[in-house]
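**Q** The following block contains a protein sequence and its predicted model.
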Amino acid sequence: MPNMTGTTTLPEAGRSPAHRRLMSVLDGSFVDYRVIDHEAEGHTLRASDLRGHEPAKAAKCMVVQVRKKATDARVTVLAVVPGDRRVDFKKVRRLFGGADASLADQSLAERITGCVSGCIIPFSFDAGLHLVVDPGLLVHDEIYFNAARLDQSIALDTEHFRALSDPLVAPIAR
């Protein structure tokens, strides 16, 4: 069983800036959440198993690039879907009026989120990263996501997540 605590006890050296910012937001908001320490894992289905919940309650986070029509301008989207679903790139493209949409390359995704691949959080701390959450994730009382670390996750009340992240909610999963 994973270790669950109300606050993180990791040494400061083990925390990335994204992890520190996330924990600051959670601690500063006075919402109830649980920290779940577990074996390092970056795949949603395996992480869900380690955390002890069904994959549909996991926030799978993918950085998507949408190329706008008639220009080469791009919009960067943090697409968040239930862990047992996939991002529908056509839906994301249409939502942003783009000509096409694809997964962002790993270096862009890591730079704009401040997280390594496999532990991207469902929060945007960059004005150029548009957060979109599929409504299928929000039907659960609680959601789970990596805490900008492969070896630690957060369990957070869904309404508190919505209040803290202020996402655009749109059907983007398939």
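**A** On my side now, so go ahead. This is a predicted model, so every value here is computed, not measured.

**Q** What mean pLDDT does the longest helix seen in the chain get?
**A** Longest helix in the chain, counting residues (DSSP state H): helix 17-29. Helix 17-29 carries an average pLDDT of 95.

**Q** Which neighbouring elements make contact with that helix?
**A** Counting contacts by 3 or more Cβ pairs under 8 Å, 6 or more residues apart in numbering; DSSP states H and E, helix 17-29 packs against strand 142-149, strand 152-157, helix 158-165. Glycine gets a C-beta too; all of them are placed from N, C-alpha and C.

**Q** Turn the ones you listed into CSV, columns for distance to residue 29, mean neighbour count and mean pLDDT.
**A** As requested, the helices and strands packed on helix 17-29 are exported to CSV (distance: least, Cβ to Cβ, whole Å; neighbours: other Cβ atoms under 10 Å; pLDDT from 0 to 100):
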stretch, distance to residue 29, mean neighbour count, mean pLDDT
strand 142-149, 15, 24, 97
strand 152-157, 10, 22, 97
helix 158-165, 6, 17, 97
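
**Q** could the ones you listed be laid out in TSV, adding distance to residue 35?
**A** Shown next, in TSV, are the helices and strands packed on helix 17-29 (distance: least, Cβ to Cβ, whole Å):
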stretch	distance to residue 35
strand 142-149	7
strand 152-157	6
helix 158-165	15
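
**Q** buried residues in stretch 115-131?
**A** By neighbour count with 16 or more other Cβ atoms under 10 Å, stretch 115-131 contains the buried residues 115-116, 119-124, 129-131.

**Q** ditto for stretch 39-49
**A** In stretch 39-49, counting by 16+ other Cβ under 10 Å, buried: 41, 44, 47-48.

**Q** now, among the residues you listed, which is nearest to residue 109?
**A** Nearest to residue 109, judged by Cβ to Cβ, of these is residue 44 at 15.2 Å.

**Q** State the phi and psi torsions of the nearest residue to the closest one once chain neighbours are set aside.
**A** Excluding its sequence neighbours, the residue lying closest to residue 44 (Cβ to Cβ, 6 or more residues apart in numbering) is residue 83, at 4.1 Å. In terms of degrees, to the nearest 10, the main-chain angles of residue 83 are phi -60, psi -20.

**Q** was I right about residue 140 contacting residue 159?
**A** No: look at residue 140 against residue 159 with Cβ atoms under 8 Å: they stay out of range, at 10.6 Å.
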